[in-house]
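> Provided below for reference: sequence and predicted model.
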Amino acid sequence: MRLLLPALALACALPALPQELPAAASSVPSGEAGISGFVDLGYRWVGTGGSFNTYRSVVDLGSGPKLLGTEFTISDPKHRLFDSVTVRAYNWGDDPYATLHVDVRRHKLYDFSADYRNIAYYSNLPSFADPRLSGGVTLNEQSLDTRQRMGSYQLTLLPESWLVPYLVYDRNSSTGNGVATFVSNDDEFPVGSIVTNSTNNYRGGARIEQRRFHVTLEQGGTTFRDDQQLGMAAGSGTNYGNSFSAVLGQKLDLTSLSQAYRVRGDSIYTKALLTANIASWFDLYGQFLFSQPRSTVNYQQFDSGNQILLSQLIFYTGEQSIASAVSKLPHTTGSLGAELRPFRQLRLLPSWFTDRMHTSSSDVNAQTLTGTSLASGPATINSLLSNKLVNNYNQAELSAMLEVMPKVTLRAGYRYVWGNASDVILPVAELAAVETGTVRRNVALAGIAYRPLTKVSLNADFEDGVSTGSYFRTSLYNYQKGRVRGRYQVTPSLSLAASVSVLNNNNPNAGLHYDYLSHQETASFLFAPAGGKRWDFQGSYTRSTLRSEISYLDPAYERPGISFYRDNSHVATGYFDANLPVQKTRIVKLSLGGSLYMSSGSNPTHFYQPLARLSMPVNKTLAWVSEWRYYGFEENFYGYQAFRTQMVTTGMRLTK
Amino acid sequence: MNRLLAFAILIPLTAGTAALAQSGGAQPAKTKKAAAPAAAPVAYVGSEVCGTCHEDVAKDFARNPHHDVETGDKHGGPNWTGKACESCHGPGGKHVESLSAADIRNPLKLTAAQVTSTCLTCHLNRPTQVGRIESAHAHNSVACTSCHSVHAHGPNGLVARKPAEVNALCAGCHTDVMARFQLPFKHKVTENAMTCVDCHNPHGGVKPGQMQMASANEPGCMKCHGDKRGPFTFEHAAVREEGCNGCHEPHGSSNAKMLVRQEVRLVCLECHANLPQPQPNATARVTGVVPPAFHDLTSARYRNCTVCHQKIHGSHVDRNLLR
């Protein structure tokens, strides 16, 4: 709504600029002066039955007046400050995703673009994070109600010249609140949290574009802040946490809490890109990327209640904890690739890629327990820990593409992936403090592109990987991955497309027995007689199946079990669009359609989203637009999270 | 030098003007000379002649960024002033005489490599070309014109810019991926609050899935999820080594938070199931040890690991990611 008034004011205030003939031989649209575009204003009614929290977690559209969308272009035929200003804005008026995009350009002088998004992140699903749901408590311990705001502003100078400088400022921030847990030694307590974080990114660089080579050099930096607070005011009652049982005859509780994180970070980074046409048969590409983010942390915690330090069997009623930490992460990435064309039909594509990161950090923590059962009074626990994580990843690949016939291109290749990782926490304590892993993978690549007719195309690609090492139990190990995609334009009005993709991954090593298979088949069509002038109908159907089995150990008894995951799903979408002429110059637009998702397996779910849309012109510049939507969501295992929502939106479109 | 000369003769036979530029012969006059031994002299007619029959195309093209080729008002590349149409379609003399479609180069009938080669005559040395050869689009012979509309009018006419149009363009081929966005838990792509190119670079990239990168070499996810970026004092190694999609399905899931499993404990225990002891076969070693024994899964309290291990993406103060 905040944008609405300025937009309307701008639309009214700007007089139609005098029309002039376009500048000779310019690609800049200069014929039409003034402003052109549309504004959609409307009102939405939403009626939800069932779980409103789930509705908000999945859909979150609200009732009220809305700026549904606007797009307009302002042109200056005299090309004084700009040639054109293009503005697009959608979903303003407390909608969960509002966007604004502005482009301003002056031919060969500058391009400016601004992009802003305000996206709500609401998550409150009782099934997800409520260990006490069976006890009748519906408090969600991992709920969030936040807003993420992302902005990107880029100014490019002298576009289309050989030297193109540019400046960019990006910002993303998140604010809101939620419910988190305060984790004590043998209990965890749901408490309110306030989340505030932001990242500012500044970068600038230049592109040098020459006939034989191109270089982009960029230098950037970021600043980051993250302030999270968890709190429970003294006197607000007693929080008994998630544990029902008494510990050594005493019930644990929390009576007050103040927990605060103050995280500050910054980073510098460098980016260099190169492309070169060494010879007519030899192109070279490369990039070097380096970043070094680092962060400093100050953490404070004060809490009171009846708590226990299990490792020393000390009961206490008050706790103070102060921690400071620093960490940095130098991260280097490089790649080099080439395209060689020794013969007309043959292209060779060697490439190499490396990514090396190294986190090192240290943490100092001082904890004081008061009101202890010890005769010596307060207990102090100090700790100094350091963490080092190394991850080196390398990949080399050689592919060859051969046009065996004018309509058939074959591809074959080989990729070798190798790397090592380690995660060390010193001093060694508790869980395994030193973990190492290696990756070694040989991958065969193959593909074919077949285009027998201009209206028919078929693509297939296939990978077969064999590993002798991987970081995680669920990582790619011995796998086959394939995809076939085809398109066929049967008539000028009817086109068909289909695709099949498969991933089969196995890790037969002792104790894992990982077996994963997923495949997905999709068919779609578009039927648009006479180019869709009167009506068109398009639809798609996707069936996907996922089967995963892997052994794991029950932590309590180290007893082997098998984690099964099954998902068989059907997704169908269909849209019918009609343009119905009611008078010679007035066309009523009608759209009917929607999507449905049905799955069975480990988490059977149904989700329906039908819609109907109508646009009826009132006069040359005004049209009545209306939309009806329905959302139906149901999970077989969590019936209490189902919702059904009817949504009606109606408004006017003003076109100029 | 002999090799260059050989290419200068071979490539024009198939890729026409694309090769002319690469062999250094930017001028149409030189083209005639190079092609003369193999075919009848080529005749360029100029764009005005093309526009007499292809009026609609010429009208749109006049408002298109490619019109700079016609006016010579651009930097770099061969000089095609007055002959923009023929810079891609080849000399039109024969076509003008016969009026036969067979006598003019139709990119629809060329292979993807030939189409791309034509575009790269001018667009070869550009930032978008870095990572092109590693891209799935290049591997699957997807030509530039599959996404870019060469004749379209308007300053942004060459490619879709509006979120809805960008997503529809990608969905034209990636129907299976777009179907995932009909699931309940997903990024807001079908709502057009996001586009496919927010996360993927259609021109290519060295990361799997042609993923975008943020702040030089950080995962593109961090463009929006800055609080997950770190560096953390205590990292969750899986986030750094496997990436976000080790636990999340970014295109959509029926599980809350786009998780890959319906219960959080299964997401965690599928990796955290190795006894902390040296394994005899070092190459088969994987990371992720068994949690301590007090994690009794028969109790509802321990079924959702992230209730306690809430800093699962990395913690600034606790090695067990509890706070």
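Perfect, I can see it now.

> Could you list the low-pLDDT ranges of chain B?
Within chain B, the ranges that satisfy pLDDT under 70 run B:1-42, B:74-77, B:154-157, B:276-285.

> Which parts of it belong to which domain?
Listed domain ranges for chain B are B:2-123, B:230-315 (source: automatic domain parsing).

> To A:Val502, which of these lies closest?
domain B:230-315 (16.8 Å; C-beta to C-beta). No exception for glycine: its C-beta is placed from N, CA and C like everyone else's.

> Check the separation of the first and last residues in the closest one.
When the termini of domain B:230-315 are compared using C-alpha to C-alpha, to the nearest Å, they are 9 Å apart.

> centre of the chain versus it, how much separation?
On the basis of C-alpha atoms, centre = their mean, to the nearest Å, domain B:230-315 sits 31 Å off its chain's mean C-alpha point.

> Pick the most buried one from the domains of chain B.
domain B:230-315 (a mean of 20; mean count of other C-beta atoms under 10 Å in any protein chain shown).

> Run through the residues of the stretch 551-656 of chain A sitting next to chain B.
A:551-558, A:563, A:565, A:567, A:569, A:571, A:573, A:595-597, A:599, A:602-603, A:605, A:607, A:609, A:633, A:635, A:637 (C-beta under 8 Å from any C-beta of the partner chain).

> Now, these that are in strands?
Within those, residues falling in strands by DSSP state E are A:551-554, A:563, A:565, A:567, A:569, A:571, A:573, A:595-597, A:599, A:605, A:607, A:609, A:633, A:635.

> Let me have the domains of chain B in CSV, extended by distance to chain A.
Below are these laid out as CSV (distance: least, C-beta to the nearest C-beta, whole Å):
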stretch, distance to chain A
domain B:2-123, 4
domain B:230-315, 4
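
> Take the ones you listed and write them to a markdown table, including distance to A:Arg644.
Formatted as a markdown table, the domains of chain B follow (distance: least, C-beta to C-beta, whole Å):
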| stretch | distance to A:Arg644 |
| --- | --- |
| domain B:2-123 | 47 |
| domain B:230-315 | 17 |
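
> Between those domains, which one is closest to B:Asn167.
domain B:230-315 (12.2 Å).

> State the helix or strand in which the closest residue to B:Ala84 other than its chain neighbours lies.
Spatial nearest neighbour of B:Ala84, excluding adjacent residues (C-beta to C-beta, 6 or more residues apart in numbering or on different chains): B:Glu70 at 3.7 Å. According to DSSP states H and E, B:Glu70 maps onto helix B:67-71.

> Show me what that helix is packed up against.
Packing contacts for helix B:67-71, counted by 3 or more C-beta pairs under 8 Å, 6 or more residues apart in numbering or on different chains; DSSP states H and E, involve helix B:84-89.

> So what touches the helix it packs on?
Applying C-beta atoms under 8 Å, 6 or more residues apart in numbering or on different chains, the contact partners of helix B:84-89 are B:17, B:28, B:44-47, B:50, B:54, B:61, B:66-67, B:69-70, B:78, B:80, B:92, B:104-107, B:118, B:121, B:150.

> Could you check how many residues crowd around A:Leu494?
Residues near A:Leu494, counting by other C-beta atoms under 10 Å in any protein chain shown, number 14.

> For the residue nearest to B:Ala84, give me its contacts.
Contacts of B:Glu70 (C-beta under 8 Å, 6+ apart): A:Ala25, B:Ser47, B:Phe61, B:Trp80, B:Thr81, B:Gly82, B:Lys83, B:Ala84.

> Switch the residues you listed over to JSON lines; also include secondary structure and distance to B:Asn192.
Below are these laid out as JSON lines (DSSP: H, G, I helix; E, B strand; the rest coil; distance: C-beta to C-beta, whole Å):
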{"residue": "A:Ala25", "secondary structure": "coil", "distance to B:Asn192": "36"}
{"residue": "B:Ser47", "secondary structure": "helix", "distance to B:Asn192": "37"}
{"residue": "B:Phe61", "secondary structure": "helix", "distance to B:Asn192": "29"}
{"residue": "B:Trp80", "secondary structure": "coil", "distance to B:Asn192": "37"}
{"residue": "B:Thr81", "secondary structure": "coil", "distance to B:Asn192": "40"}
{"residue": "B:Gly82", "secondary structure": "coil", "distance to B:Asn192": "41"}
{"residue": "B:Lys83", "secondary structure": "coil", "distance to B:Asn192": "40"}
{"residue": "B:Ala84", "secondary structure": "helix", "distance to B:Asn192": "34"}
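
> I'm done for today, thanks for sticking with me.
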